[in-house]
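**Student:** Pasted the sequence and its predicted model underneath.
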Amino acid sequence: MSQRRKFSAASKAKAAHEALSGELTLAAPASKFDAHPTQIAGWKRQAKEDRVAAFFGEAATRRKDAAAAIREFHAKIGRLTMEKVFY
């Protein structure tokens with residue numbers, strides 16, 4: 001069974017940048033970076049959504065931080081509601 005190949009963040013960013021330039025089809029960066037055109041399209045989509053942060057994990061960290069803040073706010077709202085009801 002073959003192992004999954006891992007691409008560096010820099011190579012993903014370069015491939016996505018070439019795909020975003022729109023000068024060539026997805027096949028050109030795919031052959032240059034030895035990746036499947038579907039993979040290049042995925043990196044291109046990620047680059048459009050989160051830009052460079054998507055490849056370095058910063059976007060995921062921001063999402064986790066936002067989710068934690070929302071949970072904290074909901075807990076505080078619950079405590080304040082309970083205080084108001086019982087006092």
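**Tutor:** Alright, I've got the coordinates.
**Student:** Quick check: mean pLDDT of the helix ranked longest in the chain?
**Tutor:** Here the longest helix in the chain is taken by residue count, with DSSP state H as the criterion, and it is helix 58-86. Averaged over helix 58-86, pLDDT sits at 85.
**Student:** And it, what does it pack against?
**Tutor:** Secondary-structure packing of helix 58-86 (3 or more Cβ pairs under 8 Å, 6 or more residues apart in numbering; DSSP states H and E): no helix or strand packs against it. From N, CA and C alone the C-beta is placed, and that goes for glycine too.
**Student:** centre of the chain versus that helix, how much separation?
**Tutor:** On the basis of Cα atoms, centre = their mean, to the nearest Å, helix 58-86 is displaced by 23 Å from the centre of the chain it belongs to.
**Student:** again with stretch 72-87
**Tutor:** Relative to its parent chain, stretch 72-87 has a centroid offset of 34 Å by Cα atoms, centre = their mean.
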